[in-house]
Each structure stands twice: as structure tokens, then as C-alpha cells.
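**Student:** Quick check, what structure comes out for this input:
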Amino acid sequence: MRNQASLLLGIVMALSAPVAPNQERLAFAIQPLGKVDASLINLARQAISEAFGGGPADTMAQLELPAGAYYEPRKRYRAEKILVFLDRIGREKGIKVIGLTSIDISTTKGRYEDWGIFGMANIGCPSCIVSTYRLGRGKVDPALFAERVKKVVVHELGHALGLPHCETPGCVMQDAEGKISTIDRSDGRFCPHCKKKLGPILGRAQSWE
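**Tutor:** Below you'll find the model as predicted:
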């Protein structure tokens, strides 16, 4: 009887204990590529913390942009080749890598063989790349430039986390279509639809070290 009572008590305690939610590890790290000053890295860290919660993203040691990504005719770097380089880092470490550079990047877009872009990510892949080259540093109010950087970081990281472009006006996942005005019109947040898609991802950002 004593054993049965102990077993019954154990079952009751187990059933009444709170069930811990699934806390799959989600970690971000910023990979500076080329010369990137601390202010830009801090903006990226702030954007990630505000959008996804948790602690700020870690910063990895600066690396040079991969030589194989250089596009000689336009003196800039091809984004899709940079992503191959960053994806390898992300897979090795089991993290989402945000490549950050001040150098111009490009990709093929429709009939344009080499189209300058703000950033790029393949949906659901380990990395994204953000370039501040076209965001108006030194040409617009510093506060506006800072907001642009943060919005592009969140947008590209949203793609890396599985979100496609969104048609909701103002959503940070709206396709900029090469227009800086689209970025400026966004409030920098996920719309309710995109937020629902991200679901438990929000609020689970951690340090990867």
C-alpha cells in the first residue's frame, strides 16, 4: 500500500507540474565583412534584439569579403556568392549569420545582369547579407540612416527564418523592389500575419557562445 501511495503521489505531482515549452535554441551572430565600424554593428545588434527578443546577437571577428564573389566589371560583390560563404559558417556553428558590410553588393534581377541591392537572403537558409552602401550614410539624417539599417537587417533575417515577401503595406517584409522609399514607409515591424508565421521564434534569441 505504501508503495502504491508513493506511486500515486508521484503521478499526481507529475501531472500538476507545469510543462516547459519547447525551447529550441535560436542564436544569431553578426559577421562583419570588410571594414565595418562599431556603430553599424551596434545598429544590427539593436535591430535583432528589438525584433526577436532575448539577448543581443554576438559579433564574430571581422573577415574579408570572399574573393570569389568579386564582380570585376562593376567593382562590387555578388550577394549570392557571399551567401554561399556565410551559409557554410552558419551550418558549422548551428546559428543564423547576419553578414554586414559597407561595400556595394549586387545580384541578377530580371533583365538586369548586375543589380545593386540593399541585402539578400535565401528563404530558410542559415544566413543573410546586408549592405549599408545604398542606405544614404552621410547623405541623409543620421536617425533616418539608422532606421534604414535596422529595417534591412530585420527584413533579410526574416527571410533567413522562413518568411517570404509580404504584401501588407508597412510590414518590414514588404518587397522594397529596389526603392529606398519602400523601406522608409515601413514601420520596421512584422505585420500580424508575418508575426503569426514566425510564432515561437519571436523572443527566443540567444547567444551562440
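**Student:** just the helices in the protein please.
**Tutor:** For the chain, the helices defined by DSSP state H occupy 2-16, 38-52, 79-93, 142-160, 180-185, 192-198.
**Student:** residue contacts, residue 173?
**Tutor:** Contacts of residue 173 were listed using CB atoms under 8 Å, 6 or more residues apart in numbering, and they are 155, 158, 159, 163, 164, 165, 166, 190, 191, 194. Heads up, the C-betas are built off the backbone N, CA and C, glycines and all.
**Student:** Report the separation between it and residue 111.
**Tutor:** To residue 111, residue 173 is 25 Å away according to CB to CB, to the nearest Å.
**Student:** Hmm, residue 93 is touching residue 58, no?
**Tutor:** No: using CB atoms under 8 Å, residue 93 is not in contact with residue 58; the gap is 10.1 Å.
**Student:** so of the helices of the chain, which one's packed in deepest?
**Tutor:** Sort these by mean neighbour count, taking mean count of other CB atoms under 10 Å, and helix 142-160 sits at the top with a mean of 22.
**Student:** That helix versus helix 38-52: what angle between them?
**Tutor:** In terms of direction (axes from the mean of the first three to the mean of the last three CA atoms, to 10 degrees), helix 142-160 departs from helix 38-52 by 50 degrees.
**Student:** Would you mind checking the average pLDDT for stretch 57-76?
**Tutor:** For stretch 57-76, the mean per-residue pLDDT is 96.
**Student:** That one: end-to-end distance?
**Tutor:** 27 Å (CA to CA, to the nearest Å).
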